[in-house]
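**Q** Here is a sequence with its predicted model. Questions after.
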Amino acid sequence: MSRTVLFVHQNFPGQYRHLAPALQARGDQLVAIGGPTSQPLPGVPLHRYDPLPAGGVPPCHPWTADFQTKVLRAEAVARCLESLLQAGLRPDLVIGHPGWGELLVVKDLLPDVPVLHQVEFIYQLQGADVGFDPEFADADWRQRARLRLRRAPQLLALQDLDWGLAPTPWQASTVPAPYRQRLSVIHEGIDTAAIAPQGSARLQLQRAGLSFAPGDELVSFVARNLEPYRGFHTFMRMLPLLQRLRPRAQVVIVGGEGVSYGAAPPGGGSWKEAMLRELGDDLDRRRVHFVGRVPHPVLHELFRVTACHVYLTVPFVLSWSLLEAMSCGALVIGSATAPVQDVIVDGHNGLLVDFFDHRALAQRLAAVLADPSTHGGLRREARRTVVERFDLARVCLPRQLELVDRLMA
């Protein structure tokens, strides 16, 4: 029997780039509501909403600006949904991400339709990302007050939660205890058939005139944006010592120069510029290659040829790049922080270091580069971990579909 699923996501398809086509392939009817940057999927009607009110954004207290943004999105989604309902839409399930406020009033239009929330992370007043790095900790009570108020829409969404979907156990643990009984831990999934080791992999750096293959002394670092949330400062401070220990090592750094999380460096500019200024002549820039953002296939080639991939993060949302690196058989040195420890066991399927200890990171990297043949077991176990726990076709997607069916029943 064909059923109708409504997706609500400001950047559709977002986390649903695999789930939506799978539902469509089995005969379910799909409709999507998305923001201005959302992209259509073949055969899925996409209705974009405009989050800006016709009369402009009204003034408000600075602490409530984030909440107001989310309320504006909620109203825009509700108006779009109201039009669709008047045109005959009758969804059996709503799937969406509550992080931008889009689901705040959906229940007022669809009180009897179950809503599945994508629960990535609930802001924590202590014990997670905020205050984790003392270098950037702000003791001002106003900062904590802003965070408390910024968390309000997340808690409102939980109050109306029919069911939630979290990608990893630690991210699920950020949900307040009373709501965890309505939560499933299922990752979005990694296509391990396509994202896999290849002995013939090659990486070309045309500007530098360099070519890398498996076995070369190459270190990689990847983040959406190069910033302290993803340990970019620790990685950069490690490089001068690594260069002294391993004079032939080359480093490829992938990522933009904006800010995804946290704040820009004092005085403005990018964290890349700030760290290069800090390191000055201690860093041999000829062996450090910033390549910006790269297409996904190029990223996978990097993971296949790198001798060691470094992944650092404060306690926050786990990056897809870590799992994709492991799926490619990369040897990963990660930070001993909770999100990474959900996946990597030190000495079993990767290596862990203290997030702040750049000297320990350099020494561990140097040891790997000096004797790469002894770490083949870690690479194989890394790949096995992703195949067994995060495989899209055999693990994650079947579980997602099972959950969808249970909610619609």
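**A** Everything's here; your move.
**Q** Helices along the stretch 201-350 of the chain, start to end?
**A** According to DSSP state H, counting those that start in this stretch, the stretch 201-350 of the chain carries its helices in the segments 232-245, 271-279, 296-305, 320-327, 338-341.
**Q** and the third one, what does it pack onto?
**A** It refers to helix 296-305. strand 203-205, strand 218-225, strand 250-256, helix 320-327 (3 or more Cβ pairs under 8 Å, 6 or more residues apart in numbering; DSSP states H and E). C-beta coordinates here come from the backbone N, C-alpha and C atoms, glycine included.
**Q** Now with 6 Å, please.
**A** Identification of packing neighbours for helix 296-305 by 3 or more Cβ pairs under 6 Å, 6 or more residues apart in numbering; DSSP states H and E yields strand 203-205.
**Q** The longest one too?
**A** Secondary structure elements in contact with helix 232-245, counted by 3+ Cβ pairs under 6 Å, 6+ apart, are helix 358-370.
**Q** Tell me which other helices or strands the helix it packs on touches.
**A** Counting contacts by 3+ Cβ pairs under 6 Å, 6+ apart, helix 358-370 packs against helix 232-245, strand 351-353.
**Q** Counting neighbours, which bits of that helix end up buried?
**A** Using 16 or more other Cβ atoms under 10 Å as the test for burial, helix 358-370 gives His358, Leu361, Ala362, Gln363, Arg364, Leu365, Ala366, Ala367, Val368, Leu369.
**Q** repeat for stretch 33-44
**A** In stretch 33-44, counting by 16+ other Cβ under 10 Å, buried: Ile33, Gly34, Gly35, Ser38, Leu41, Val44.
**Q** and that stretch, how far out from the chain's middle?
**A** 20 Å (Cα atoms, centre = their mean, to the nearest Å).
**Q** change the start of the numbering to 373 and stick with it
**A** Okay, using 373 as the starting number, the last item reads as stretch 405-416.
**Q** Quick one: end-to-end distance for it.
**A** 10 Å (Cα to Cα, to the nearest Å).
**Q** circling back: can the helices and strands packed on helix 730-742 go into CSV with extra columns for mean pLDDT and mean neighbour count?
**A** Shown next, in CSV, are the helices and strands packed on helix 730-742 (pLDDT from 0 to 100; neighbours: other Cβ atoms under 10 Å):
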stretch, mean pLDDT, mean neighbour count
helix 604-617, 97, 21
strand 723-725, 98, 22
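**Q** Please identify which of the ones you listed is closest to Gln440.
**A** helix 604-617 (31.4 Å; Cβ to Cβ).
**Q** Low-confidence bits of this protein, can you list those?
**A** Filtered on pLDDT under 70, the chain yields the residue ranges 373.
**Q** now do 50
**A** Scanning the chain for pLDDT under 50 picks out no residues.
**Q** what's the domain layout of it?
**A** Per the record, the chain has its domains at 376-561+764-780, 575-762, by automatic domain parsing.
**Q** Please work out which of those is packed deepest.
**A** domain 575-762 (a mean of 19; mean count of other Cβ atoms under 10 Å).
**Q** next one: it to chain centre, how far?
**A** Worked out by Cα atoms, centre = their mean, domain 575-762 lies 16 Å from the chain centre.
**Q** From Gly639, how far off is Leu577?
**A** 31 Å (Cβ to Cβ, to the nearest Å).
**Q** now do Tyr683
**A** 28 Å.
**Q** now swap in Trp542 and tell me
**A** For Trp542 relative to Gly639 (Cβ to Cβ), the value is 34 Å.
**Q** same deal with Phe584?
**A** For Phe584 relative to Gly639 (Cβ to Cβ), the value is 35 Å.
**Q** got it, and Gly499?
**A** Gly499 sits 30 Å away from Gly639, going by Cβ to Cβ.
**Q** List the contacts of the closest residue in space to Leu395 that isn't next to it in sequence.
**A** Distance criterion Cβ to Cβ, 6 or more residues apart in numbering; nearest residue to Leu395, sequence neighbours excluded, is Val377 at 5.7 Å. Counting by Cβ atoms under 6 Å, 6 or more residues apart in numbering, Val377 makes contact with Leu395, Asp400, Leu402, Leu465.
**Q** Repeat the analysis, applying 7 Å as the threshold.
**A** Neighbour list for Val377: Leu395, Asp400, Leu402, Pro463, Asp464, Leu465, Ile467 [criterion: Cβ atoms under 7 Å, 6 or more residues apart in numbering].
**Q** The last one contacts Pro486, doesn't it?
**A** No. If you go by Cβ atoms under 7 Å, Ile467 and Pro486 don't touch, sitting 9.5 Å apart.
**Q** Quickly list what's touching both of those two.
**A** If you check Ile467 and Pro486 against Cβ under 7 Å, 6+ apart, no residue is contacted by both.
**Q** Name the secondary structure element that contains Leu537.
**A** Counting by DSSP states H and E, the element that carries Leu537 is strand 535-538.
**Q** what are the pairing partners of that strand, and which direction each?
**A** strand 487-490 (parallel), strand 555-557 (parallel) (DSSP bridges).
**Q** Save those strands as a markdown table, and put in distance to Gly628 too.
**A** A markdown table is the format used below for the strands paired with strand 535-538 (distance: least, Cβ to Cβ, whole Å):
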| stretch | distance to Gly628 |
| --- | --- |
| strand 487-490 | 24 |
| strand 555-557 | 30 |
